[in-house]
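Visitor: Quick one, fold the following:
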Amino acid sequence: MRAKNKNIRLVLGSLLIFGIVGFQLADGQFQMLQSPGASVPNYQESDYGLGSGYVDSLKTYPDLKDGERQPFNIWEYAGRGKSSFGSPELPMKFDEWLTFHKKQKPELMKDVRKYMDSRYDFNGKTIPGKFMSGERKPIMAGPIAKLPKKAGSFEELAVLTPEEIKEKNLFPYKPLAHPLQSVAHMVFPGNWNKAHPEHLRIDVDHDFPDTYLPEFPPAMFLTTHKELGDITKGREVTLSNYYEIFNGLITPEQMEGLKELLKPTPTTWFNHTPHRVTKEPSAGVSCFSCHVNGHTNGAFELAPDSRPNLARLRVETPTMRGNYNLMQLASKRSVRSMDHFAEIEEYFDGDPGMQQAIGPRSQKREVTNRMGDFNALLDYPPAPKLNPLGKLIASKANEQELLGEKIFYGKGKCSQCHYGPAFVDDYMHDLQVERFYTGRPEGPIKTFPLRGIKDSPPYLHDGRLPTLADTIEFFNLILETKMNKEEKEALGAYLLCL
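Guide: Take a look at the predicted model:
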């Protein structure tokens, strides 16, 4: 009996260390109860600096099943979902799923095009004589965001305070949602789907014209072979040709890493099961399905860092070029190394429970290390007007570009977040864009590198800025820099040099 009581006292002592209270019942059985934890009496909700009534001005997320449409202005909504966890089961049988989207997709895409045309003037105008690094695709001119008539010009809009712009609902750069956020996942552009029809979705298409997306296939530059220029010579790197292209140029370990970056694996909605958004079963997608040739094809997804799905932010595929110089490798989660990034199960939308039904990627640490090793070879494109310290070479730059550099480091305030060899500070910043419109705050998001920026439209994390000119107008408003038209054009000319 003494031994029994001693054991009970030991167990109780151990439980108390972990904040758990134990009770011995009359029949000798032992029952554990967790302590309720502390709470603040008469707790009062704060507005957290957003202003009185701000949270009440937001709408409650609609209750949607997979596949059902959401409002395009989903940034006006807030709240929590029923659960953090997804299900591998569709809300209907697969043949009904196909029929449902066959009917809904044409109607949805008609409304998507109407919505995008209400926000942007996709006029197809280009900047004369300016091309992306592959020297094939012209760079689009802007800004193309449409201003409300009562806003006048961008210069007139920039004179107003954030409060005035918000009150009059004049802000032209509100967030951009996924066209079908209840399903979400990757949406590939038209030029990719032509080459890879297995990724054509039954439910939704890309909402940007291909002319406003990166060149396809993009050039690839290696830190170890600058003398060869574009290693691919205008080809898309695939499982069929990677050995031929890279044999004799990279190490066997790097070759293994590249193979894994090219190997398709099942994902939440691209796989061999009925839980998919393609008509036929598929092998899935690879890292290079979006980061084609180590760059980007303009595919977009939803960031995996929040719930419910309707609260997740749309994210454009960033380039992998120059990742060797970065310490922030995810928009919000502060992933700090390329091998760690390769380990993370991006393809399951932050839901590892889906792996049981769909299948895991199953990469070991040694394999993800090799993926990171190849990633570390991807260089920025050439910038012949920059010196070793990233400043313009006066003899190679024109007067407008030199003025743009002066503005970049001065009035434009760009260099406060964009500096160093990658033109990035490796921090996250909260731009507090909600100052300009009524909507849910998006919070801190990582700074994007500006080296080689001309190759990566559209801009900002969700692609709401189709051109570099739109990006300049956006930050002229956000940072209240009051640049005039000449200064903004000069800054745009400078960014093309990076």
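
Visitor: Just confirm residue 375 contacts residue 319, I think it does.
Guide: No - in this structure residue 375 lies outside contact range of residue 319 using C-beta atoms under 8 Å: 11.1 Å. To be clear about C-beta, it is placed using only N, CA and C from the backbone, and glycine gets the same treatment.

Visitor: okay, and the common contacts of these two?
Guide: residue 294 (C-beta atoms under 8 Å, 6 or more residues apart in numbering).

Visitor: Low-confidence stretches in the stretch 51-200 of the chain?
Guide: Counting by pLDDT under 70, the stretch 51-200 of the chain contains low-confidence ranges at 52.

Visitor: What distance do you get for the most centrally placed residue in the chain to residue 404?
Guide: The residue lying closest to the centre of the chain (C-alpha atoms, centre = their mean) is residue 315, at 2.5 Å. In this view, residue 315 and residue 404 are 28 Å apart by C-beta to C-beta, to the nearest Å.

Visitor: cool, residue 482 as well?
Guide: Distance from residue 482 to residue 404, by C-beta to C-beta: 16 Å.

Visitor: higher neighbour count, those two?
Guide: The neighbour comparison of residue 482 against residue 404 (other C-beta atoms under 10 Å) goes to residue 404, with 27 against 12.

Visitor: In stretch 244-259, which residues are buried?
Guide: Using 16 or more other C-beta atoms under 10 Å as the test for burial, stretch 244-259 gives 245-246, 250, 254-259.

Visitor: what's the answer for stretch 225-233, then?
Guide: Buried-residue list, stretch 225-233, by 16+ other C-beta under 10 Å: 230-232.

Visitor: got those residues as JSON lines, with pLDDT and distance to residue 97 columns?
Guide: JSON lines is the format used below for the buried residues of stretch 225-233 (pLDDT from 0 to 100; distance: C-beta to C-beta, whole Å):
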{"residue": "230", "pLDDT": "97", "distance to residue 97": "42"}
{"residue": "231", "pLDDT": "97", "distance to residue 97": "41"}
{"residue": "232", "pLDDT": "97", "distance to residue 97": "38"}
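
Visitor: Can you convert those residues into JSON lines and add a column each for distance to residue 486 and secondary structure?
Guide: JSON lines is the format used below for the buried residues of stretch 225-233 (distance: C-beta to C-beta, whole Å; DSSP: H, G, I helix; E, B strand; the rest coil):
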{"residue": "230", "distance to residue 486": "35", "secondary structure": "coil"}
{"residue": "231", "distance to residue 486": "39", "secondary structure": "coil"}
{"residue": "232", "distance to residue 486": "39", "secondary structure": "coil"}
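
Visitor: Which member of these is positioned nearest residue 409?
Guide: residue 230 (30.9 Å; C-beta to C-beta).

Visitor: mind checking how far residue 81 is from residue 308?
Guide: Distance of residue 81 to residue 308, given as C-beta to C-beta: 3 Å.

Visitor: Quick check: neighbours shared by those two?
Guide: With C-beta under 8 Å, 6+ apart as the test, residue 81 and residue 308 both reach residue 61.

Visitor: More neighbours: the two, which one.
Guide: Higher neighbour count among residue 81 and residue 308: residue 308, with 18 against 15, using other C-beta under 10 Å.

Visitor: Retrieve the pLDDT associated with the more buried one.
Guide: According to the prediction, residue 308 has pLDDT 91.

Visitor: check contacts around it.
Guide: Residue 308 neighbours (C-beta under 8 Å, 6+ apart): 61, 79-82.

Visitor: By neighbour count, which of those residues wins?
Guide: residue 61 (19 neighbours).

Visitor: Now do the contacts for that residue.
Guide: 74, 77-79, 81, 308, 310-311.

Visitor: Stretch 121-128: end-to-end distance?
Guide: By C-alpha to C-alpha, to the nearest Å, the extent of stretch 121-128 from end to end equals 18 Å.

Visitor: starting at the chain centroid, how far to it?
Guide: 25 Å (C-alpha atoms, centre = their mean, to the nearest Å).

Visitor: buried stuff in it?
Guide: 122, 127.

Visitor: list the buried ones in the helix ranked longest in the chain?
Guide: In the chain, taking DSSP state H as the definition, the longest helix is helix 94-119. Across helix 94-119, burial judged by 16+ other C-beta under 10 Å covers 97, 100-101, 104-105, 108-109, 112, 115-116, 119.

Visitor: For residue 66, state which of these is nearest.
Guide: Of these, the one sitting nearest to residue 66 (C-beta to C-beta) turns out to be residue 97, at 8.8 Å.

Visitor: mind listing what the closest one touches?
Guide: By C-beta under 8 Å, 6+ apart, the neighbours of residue 97 are 67, 90, 274.

Visitor: could you redo the last one with a cut-off of 7 Å?
Guide: By C-beta atoms under 7 Å, 6 or more residues apart in numbering, residue 97 lies in contact with residue 90.

Visitor: from here on, count from 36
Guide: Yep, numbering from 36; the last one is residue 132 now.

Visitor: Check the gap between it and residue 219 for me.
Guide: 16 Å.

Visitor: Out of the contacts of residue 96, name the ones that lie in strands.
Guide: 112-113 (DSSP state E).

Visitor: who's in contact with residue 472?
Guide: Contacts of residue 472 (C-beta under 7 Å, 6+ apart): 201, 206, 209.

Visitor: I'd assumed residue 111 was in contact with the last one.
Guide: This means residue 209. No - when contacts are counted by C-beta atoms under 7 Å, residue 209 is not listed as touching residue 111 (9.0 Å).

Visitor: Can you work out which residues contact both of these two?
Guide: residue 474.

Visitor: Verify the stated contact: residue 531 with residue 487.
Guide: No - using C-beta under 7 Å, residue 531 is not in contact with residue 487, being 10.5 Å away.

Visitor: between the two, which one's more packed in?
Guide: Neighbour tally, residue 531 and residue 487, criterion other C-beta under 10 Å: the higher count belongs to residue 487, 22 against 17.

Visitor: The more buried one: what's it in contact with?
Guide: 168, 356, 415-416, 533.

Visitor: By neighbour count, which of the residues you listed wins?
Guide: residue 356 leads those on contacts (other C-beta under 10 Å) with 28 neighbours.

Visitor: Now do the buried residues in stretch 515-527.
Guide: 516, 518, 522-527.

Visitor: Can you convert these into TSV and add a column each for secondary structure and pLDDT?
Guide: Shown next, in TSV, are these (DSSP: H, G, I helix; E, B strand; the rest coil; pLDDT from 0 to 100):
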residue	secondary structure	pLDDT
516	coil	97
518	coil	97
522	helix	98
523	helix	98
524	helix	98
525	helix	98
526	helix	98
527	helix	98
